[in-house]
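1. How does the following fold in three dimensions:
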Amino acid sequence: MDGTRPAGDELLKIAVEVARQAAETARRMRADGVSGVTTKSTATDVVTAADRAVEREAVATLRAARPGDAVLGEEYGGADGTGPTGGAGVRWILDPIDGTVNYLYGLPHYAVSLAAEVDGEVVAGVVRNAVTGDEWTAIRGGGAYRAGQRLRSSTETDLGKALVATGFGYDPARRAHQAGVLAELIPHIRDIRRFGVASIDLCLAAEGSVDAYYEKGLNLWDHAAGGLIATESGLLVDGLAGAGPGPDLVIAAPPALFGPLHDHLDRLDAAGGP
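-> Residues are numbered from 1 along each chain as shown. The predicted structure is shown next:
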């Protein structure tokens, strides 16, 4: 490769092809039965043979399409590369099956999430629900889309009427802290929803199916693609006190809701605990 910075639409085209293939592999393997189930950080944090197989397949496809790029995957870390070697500064950020517990139980909410980062900035992303085929995409500066329709986030301005999505960690002490935060927050919002897939949560917020979303403990592969989709739909995506979205906290909300939700989460120490 010649080192020319690739366009977002070029990278998105590759991302969509890879995500669709990966989602079909995940769906097919689930239909054949879950196997190779082990655990990671805790006894409830599961990983399956499909997580590993889907990531290997997706990485191989990315390598074939753009052999000089780096890949950051959930199951194998930096794959077999330590950084971009083609001079274009591209890194792919992959979650092969986001929502593995849903996958394990046969719930129809798990996704392939794939983002393309150029020189440290996410410029393209796709999230595909492997069961339903629902697919959300975005290019930085080019908007977010689902099934050809441009996404517009919620127009709700009253936090008390906001439906808010969230998620919980696998460590029991972290879940206890998060439950305490939620117990104090819920009187100030309409209600809560918990689907178990951070990437889809961000996309649901992007399309206005929920009004806002927050969660502690996300890794980059959990929110890289969904975060871009949310941003391009008009949501503010950040952490507490301008810290940026990351493991401490990710908040995605319309501008009118972001401040009030942020302030409640800050007061409740949502980024604290284990």
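2. Can you tell me which helix or strand of this protein has the lowest average pLDDT?
-> strand 46-47 (a mean of 75; mean pLDDT, DSSP states H and E).
3. For this protein, give me the ranges with low pLDDT.
-> 1-3, 45-46, 77-88 (pLDDT under 70).
4. swap the cut-off to 50 and go again
-> 1, 79-87 (pLDDT under 50).
5. where do the strands sit along it?
-> 38-39, 46-47, 70-73, 90-98, 111-118, 121-129, 135-139, 143-146, 149-150, 163-166, 191-193, 212-215, 236-238, 250-253 (DSSP state E).
6. which secondary structure elements does the last one contact?
-> Which is strand 250-253. helix 198-207, strand 212-215, helix 220-232, strand 236-238, helix 255-267 (3 or more CB pairs under 8 Å, 6 or more residues apart in numbering; DSSP states H and E). (Glycine included, C-beta is placed from N, CA and C.)
7. Quick check, residue 270 in contact with residue 249.
-> Yes - between residue 270 and residue 249 a contact is recorded at 5.7 Å, counting by CB atoms under 8 Å.
8. so what's in contact with these two at the same time?
-> Common contact partners of residue 270 and residue 249 (CB atoms under 8 Å, 6 or more residues apart in numbering): 214, 216, 240.
9. Identify the residues contacting the last one.
-> Spelled out, it's residue 240. Taking CB under 8 Å, 6+ apart, we find residue 240 in contact with 248, 249, 251, 262, 265, 266, 270, 271.
10. If we use 10 Å, what do you get?
-> By CB atoms under 10 Å, 6 or more residues apart in numbering, the residues touching residue 240 are 214, 216, 248-251, 262-263, 265-266, 269-272.
11. Can you flag the buried ones in these?
-> 214, 216, 248, 249, 250, 251, 262, 265, 270, 271 (16 or more other CB atoms under 10 Å).
12. Show me which of those is closest to residue 114.
-> Residue 114 has its nearest neighbour among the buried ones among the contacts of residue 240 in residue 250, at 17.9 Å by CB to CB.
13. and that closest one, how far is that from residue 214?
-> 7 Å (CB to CB, to the nearest Å).
14. Common neighbours of those two, please.
-> By CB under 10 Å, 6+ apart, the residues touching both residue 250 and residue 214 are 167, 201, 239, 240, 271.
15. ok, so what distance separates the second one from residue 217?
-> What that stands for is residue 201. Residue 201 is 13 Å from residue 217, by CB to CB.
16. ditto for the third one
-> When CB to CB is applied, the distance between residue 239 and residue 217 equals 12 Å.
17. Neighbour count for those two, which is higher?
-> residue 217 (23 against 20; other CB atoms under 10 Å).
18. In contact with the more buried one, which residues?
-> Taking CB under 10 Å, 6+ apart, one finds 41, 167-171, 174-175, 178, 198, 246-250, 271, 273-274 in contact with residue 217.
19. What is the neighbour count of residue 28?
-> Neighbours around residue 28, by other CB under 10 Å: 11.
20. tell me the contacts of it?
-> Counting by CB under 10 Å, 6+ apart, residue 28 has contacts 50, 130.
21. Check residue 73 too.
-> Per CB under 10 Å, 6+ apart, neighbours of residue 73: 51-52, 54-56, 58-59, 62, 79, 92-96, 114, 221.
22. cool, residue 52 as well?
-> Residue 52 neighbours (CB under 10 Å, 6+ apart): 36, 38, 73, 74, 75, 76, 96, 97.
23. mind redoing it with 8 Å?
-> Per CB under 8 Å, 6+ apart, neighbours of residue 52: 36, 75, 76, 96.
24. out of the residues you listed, which is most surrounded?
-> residue 96 (32 neighbours).
25. what about the residue nearest to residue 202 when sequence neighbours are not counted, neighbour count?
-> Spatial nearest neighbour of residue 202, chain neighbours left out: residue 226 (3.1 Å); criterion: CB to CB, 6 or more residues apart in numbering. A count of nearby residues for residue 226, using other CB under 10 Å, gives 35.
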